[in-house]
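Enquirer: coords please:
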Amino acid sequence: MDGKTRHSSHPRTPCTPPALAHSRSGGVWLAGLLLAPALLMGAPVAQAAVFKDSALQTLLDAGQADQMEKVAGQRLKSNPDDPQATAALALAQLDLADSQALRQNIQRLEQCVQKTPQEASCSYALALSLVMEVRGGSKFKALGALGRVSDLMQKAMTQLPDAPEPRSALQQYYLALPSFIGGGESKARALEQGVQDEDQLRLMRARVSASKKDWASVERELRAVRTRRPELLLELRVIGSDLGRQWMHDRQYAKAKAWLEELSRQQPQQAMPLYGLGRVLDAMDDHDAAVAVYEKAKTLSGAEQLALDHRIGIALQDKGDKAGARAAFERYLNNRRASASNVEDCRRRLAELGAAT
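Expert: Here you go, the predicted structure:
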């Protein structure tokens, strides 16, 4: 990009899991085998949320990981066996660079699934946690987890037939894995069967198109979405942000800028579209505008899971403001949700900037 080093930093939220396919990390948030009629017998009344608890669901939809972590932690202190709090804590901590926390959450979720098999949120959270556990490993390691992840997600889909999150996560996992080890497009598309919400179908089709880099189809599907369902709005801003970033990489800056501005107007309380917009502005060498957009994004929902200080540092470094860039990179290094790749990039850039004068 005009000779500058740009570092990819995908936004991540609990609802669209970072370990899965591409959405936020190139591989984030399994095969659409038809559920056997016997499995559907005795399924609970359809509900369109992972959590029965409306407070937890609201935090999940908004991508407010820090607050969800706090609420879940408080509830678990009062009742260590609270299944919804167990699942909420695990989802809120998915993107922490803390293997011990991940192992503890998996252990708690395994117990939750055994003790309260009817609690779909535990099956959903356990599936995502298992994906995180094998992330970055070999394809054979992923294959070893495939059956369990698929079973857990299928179970969650059966228990929550109207909730899009388990189905979307499973679709992302299939798209992240090649067909020869159990993933692939055909399985991802099969998950569309039984979906009644047309906007959910559009988002699922857009995700498959994105996996094939068919960006025209992605745009067409997203422009047709009219949903006001919070859980689908989250998917819209994730896939929409990915589309804007792709146009940025293709140097279609004006198109990317207009798209992300529109997405931000549609979801004015969400940080993610502004995060993408800031990246476009920085790529256009409008560094001050980029920093202003990033600073505004810091005040909005979902900001904690975006690498905002990392990006502010890059914009200020591009501008030539070494002191400001250094301060931003150092702030990011203290971010408990910082990704390993971004931490490495920050340290490299700090070395380039040299010691403070």
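Enquirer: what number of residues lie near R251?
Expert: 13 (other C-beta atoms under 10 Å). C-beta: built from backbone N, CA, C; applies to glycine.
Enquirer: in the helix or strand hosting Y275, what counts as buried?
Expert: Element membership of Y275 [criterion: DSSP states H and E] is helix 272-283. For helix 272-283, a neighbour-count test (16 or more other C-beta atoms under 10 Å) marks M272, P273, L274, Y275, G276, L277, G278, R279, V280, L281, D282, A283 as buried.
Enquirer: what does stretch 262-269 give?
Expert: For stretch 262-269, by 16+ other C-beta under 10 Å, it's L263, S264, Q267.
Enquirer: mean confidence for it?
Expert: Per-residue pLDDT values over stretch 262-269 give a mean of 97.
Enquirer: just the residues contacting that stretch, thanks.
Expert: 62, 233, 236-237, 240-241, 244, 270, 273-274, 276-277, 300-301 (C-beta atoms under 8 Å, 6 or more residues apart in numbering).
Enquirer: the same query, at a cut-off of 6 Å, please.
Expert: For stretch 262-269, contacts defined as C-beta atoms under 6 Å, 6 or more residues apart in numbering pick out R237, G240, P273, L274, L300, S301.
Enquirer: stretch 311-323 now?
Expert: So stretch 311-323 is contacted by G278, D282, H287, A290, V291, Y294, G324, A325, A328, F329, L353 (C-beta under 6 Å, 6+ apart).
Enquirer: check contacts around the fifth one.
Expert: The neighbours of V291, taking C-beta under 6 Å, 6+ apart as the test, are I312, A315.
Enquirer: could you give the angle of the helix or strand harbouring it to helix 272-283?
Expert: Element membership for V291 (DSSP H and E) is helix 287-297. Orientation check (axes from the mean of the first three to the mean of the last three C-alpha atoms, to 10 degrees): helix 287-297 against helix 272-283 gives 170 degrees.
Enquirer: hang on, L300 packs against Y275?
Expert: No: look at L300 against Y275 with C-beta atoms under 6 Å: they stay out of range, at 9.4 Å.
Enquirer: so what's the backbone phi/psi at Q270?
Expert: phi -100, psi 140 (degrees, to the nearest 10).
Enquirer: still on that earlier bit, got the contact list for the helix holding Y275?
Expert: Helix 272-283 is contacted by residues 1, 11, 237, 241, 244-245, 248, 253, 256-257, 260, 263-264, 289-290, 293-294, 296-297, 302, 306, 311, 315 when judged by C-beta under 6 Å, 6+ apart.
Enquirer: C-alpha coordinates for that helix, PDB please?
Expert: Coordinates of each C-alpha in helix 272-283 appear next as PDB, following Å, rounded to 0.1, in the frame of the first residue of the first chain:
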ATOM      1  CA  MET A 272     -16.300  -1.900  14.400                       C
ATOM      2  CA  PRO A 273     -17.300   0.100  11.300                       C
ATOM      3  CA  LEU A 274     -15.300   3.100  12.500                       C
ATOM      4  CA  TYR A 275     -12.300   0.800  13.000                       C
ATOM      5  CA  GLY A 276     -12.400  -0.200   9.400                       C
ATOM      6  CA  LEU A 277     -13.000   3.400   8.300                       C
ATOM      7  CA  GLY A 278      -9.900   4.600  10.200                       C
ATOM      8  CA  ARG A 279      -7.800   2.000   8.400                       C
ATOM      9  CA  VAL A 280      -9.100   3.300   5.000                       C
ATOM     10  CA  LEU A 281      -8.400   6.900   6.000                       C
ATOM     11  CA  ASP A 282      -4.900   6.000   7.000                       C
ATOM     12  CA  ALA A 283      -4.300   4.200   3.800                       C
END
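Enquirer: quick one: mean pLDDT for it?
Expert: pLDDT averaged over helix 272-283 gives 98.
Enquirer: so Y294 touches L306, yeah?
Expert: No: applying C-beta under 6 Å as the test, Y294 and L306 come out as separate, 8.8 Å apart.
Enquirer: can you give me the strands for the chain?
Expert: Assigned strands in the chain: none (criterion: DSSP state E).
Enquirer: show me the shaky parts of it.
Expert: 1-48, 136-143, 356-357 (pLDDT under 70).
Enquirer: if we go to 90?
Expert: Regions of the chain meeting the criterion pLDDT under 90 cover residues 1-49, 61-63, 97-99, 131-150, 161-162, 173-174, 176-183, 354-357.
Enquirer: quick one, what contacts the nearest residue to D53 once chain neighbours are set aside?
Expert: Closest residue to D53 apart from its sequence neighbours, by C-beta to C-beta, 6 or more residues apart in numbering: Q84 at 5.2 Å. By C-beta under 6 Å, 6+ apart, the residues touching Q84 are F51, D53, S121.
Enquirer: out of those residues, who has the most neighbours?
Expert: Most surrounded of those: other C-beta under 10 Å gives S121, at 32 neighbours.
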